[in-house]
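Fold the following, please.
(one chain, ligands or ions: 1)
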Amino acid sequence: MRVGVVGVGGWGKNHLRVLKELEALASFCDVDEEKVRLYSRKYGVNGYTSMEEMLRDERLDAVVIATPTRTHFGLAKRALEKGLHTFVEKPFTGSYELGKKLVSLADERGVILGVGYIERFNPAVRRLKEIVESEVLGRPLLLQFRRENRLPVRIKDVGIILDTSVHDIDTARWLLGEEPREVYARAGGINGRFEEFAAIILNYEGIKTAFITSNWITPKKVRKLVAVFTGGVVDLDFITQEVVIEREGETVIPRMAKEEPLALELRHFLDCVEEGVEPINSGRDCLNTTLIAEIALKSAKEDLPMKVDLKSLGRVGEP
Ligand SMILES: NC(=O)c1ccc[n+]([C@@H]2O[C@H](COP(=O)([O-])OP(=O)(O)OC[C@H]3O[C@@H](n4cnc5c(N)ncnc54)[C@H](O)[C@@H]3O)[C@@H](O)[C@H]2O)c1
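Sure thing, here's the model as predicted:
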């Protein structure tokens, strides 16, 4: 498999490292010449200053797009038009309508389209999904997410809902395997053009609720989830990958091997390309994550809860 990485900044450089480890790194590009020099030397592959040049000169099977969000649509469209399997970093295109266009284009060309919702590959989240599906703790009632860190200087094109809360919106969809019926959000900012903190409530059928809080103010990295079930509570740390299960009279901390979610995610993408099947984080599936984020932005702007009907896109997470 020959993969080219587009954008090798804060996150894209991890794609370079992992694809090299998976023996799938063919080349990369970045508009920043300094980075092109640095990483072509480091990984011994050709680097380019534009995707066009890379696509012209390299024989690739797939590309990974890890540039700023607002550039995702144009770059992914070009790659799909060239018939390349395409992995687009979260939050996909940042627009439901543009995302839909990419999904149709991938279908037309018969290629795989994946989206970087990496928490679906976090071993701790996978463990929690098993708990949900096996019903060992009964029915899920509440998912309480906290994702906090000081403002990342490099994010200049979207606010915290599209950049950060989307991880938890997607994880809630993935864990519960269903779509919310109502979205209500409050959001605000202190410094910038975009919102820097947000509280989003996703109301599901019955009483099931996801409560997603994100801020770019807390001066340390926090990424946690408390899942409340009818028969117990699970505390999950996305960073340490620790899961603590509490129920009447016992606390259980399962021993689990820590694994790099990005390596699991890219391995899955490459396997799906080889087998010609949709990844669990396909463009089609992840469209609704973008749609829910857009509805949350609208809800925050209008200060109103929004009823939604997202059932038509099918079961979450099914290929
Ligand atoms: N899945 C995750 O956990 C995760 C984590 C961090 C970031 N991301 C996503 O990855 C993407 C990149 O984020 P980042 O933090 O690395 O940003 P960044 O600003 O650090 O890096 C972006 C890079 O893209 C380059 N670039 C910009 N336009 C380009 C173009 N047209 N062609 C080629 N290169 C171009 C820039 O020079 C820069 O090196 C975003 O979509 C972000 O949401 C995902």
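
Reduced to three states, what does V103 come out as?
V103 carries the three-state label helix when classified by DSSP: H, G, I helix; E, B strand; the rest coil.

In contact with the residue lying closest to it once chain neighbours are set aside, which residues?
Taking Cβ to Cβ, 6 or more residues apart in numbering, and ignoring the residues beside it in sequence, V103 has G283 as its nearest neighbour in space, at 4.6 Å. In this view, the C-beta of every residue, glycine as well, is placed from N, C-alpha and C. Residues near G283 by Cβ atoms under 8 Å, 6 or more residues apart in numbering: 88, 92, 99, 102-103, 106, 113-115.

for K307, same thing?
181-182.

okay, the residue nearest to R247 when sequence neighbours are not counted: pLDDT?
What sits nearest to R247 in space, not counting adjacent residues and going by Cβ to Cβ, 6+ apart, is G232, at 3.4 Å. pLDDT recorded at G232 is 98.

Same check on S312?
You'll see S312 listed with a pLDDT of 50.

Quickly list the domain ranges of the protein.
Annotated domains of the chain cover 3-114, 119-313 [automatic domain parsing].

Against T290, how distant is V244?
32 Å (Cβ to Cβ, to the nearest Å).

Now do the phi/psi pair for the residue nearest to R247.
Backbone geometry at G232, expressed as degrees, to the nearest 10, gives phi 160, psi -180.

cool, the one 5 residues further on as well?
Note on D237: its backbone torsions stand at phi -110, psi 120 [degrees, to the nearest 10].

so who does it touch?
D237 neighbours (Cβ under 8 Å, 6+ apart): 124, 223-224.

go on, A26?
2-4, 45, 58-60.

run the last query once more with 7 Å
Neighbour list for A26: 2-4, 45, 58, 60 [criterion: Cβ atoms under 7 Å, 6 or more residues apart in numbering].

Name the nearest of these relative to T71.
G4 (15.3 Å; Cβ to Cβ).

Beyond the longest helix seen in the chain, next helix or strand please.
For the chain, the helix with the greatest residue count under DSSP state H is helix 283-302. Counting by DSSP states H and E, the next helix or strand C-terminal to helix 283-302 is strand 306-307.

quick check: mean pLDDT across that next one?
What strand 306-307 shows for mean pLDDT is 92.

Same check on stretch 138-155?
pLDDT averaged over stretch 138-155 gives 88.

Could you measure from the nearest residue to E179 once chain neighbours are set aside over to the ligand?
Take E179 and drop its neighbours on the chain: the residue closest to it by Cβ to Cβ, 6+ apart is L310, 3.8 Å away. Noted for L310: a distance of 22 Å to the ligand, by Cβ to the nearest ligand atom, to the nearest Å.

How about T230?
In terms of Cβ to the nearest ligand atom, T230 sits 32 Å off from the ligand.

Same question for E205.
Counting by Cβ to the nearest ligand atom, the separation of E205 from the ligand is 29 Å.

count of neighbours near V243?
Residues lying near V243 (other Cβ atoms under 10 Å) number 22.

Tell me who's in contact with it.
124, 127-128, 234, 236, 254.

Sitting in strands, which of those do you find?
Within the contacts of V243, residues falling in strands by DSSP state E are 234, 236.

Which ChimeraX command selects the buried ones in the contacts of V243?
Remark: buried members of those, expressed as a ChimeraX selection using 16 or more other Cβ atoms under 10 Å:
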select :124,127,128,234,236
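
Grab the nearest non-local neighbour of Y184.
Distances taken as Cβ to Cβ, 6+ apart place P305 nearest to Y184, at 3.8 Å, with adjacent residues excluded.

ok, stretch 184-196 near the ligand or not?
No - judged by Cβ under 6 Å from any ligand atom, stretch 184-196 and the ligand are separated, with a smallest distance of 13.2 Å.
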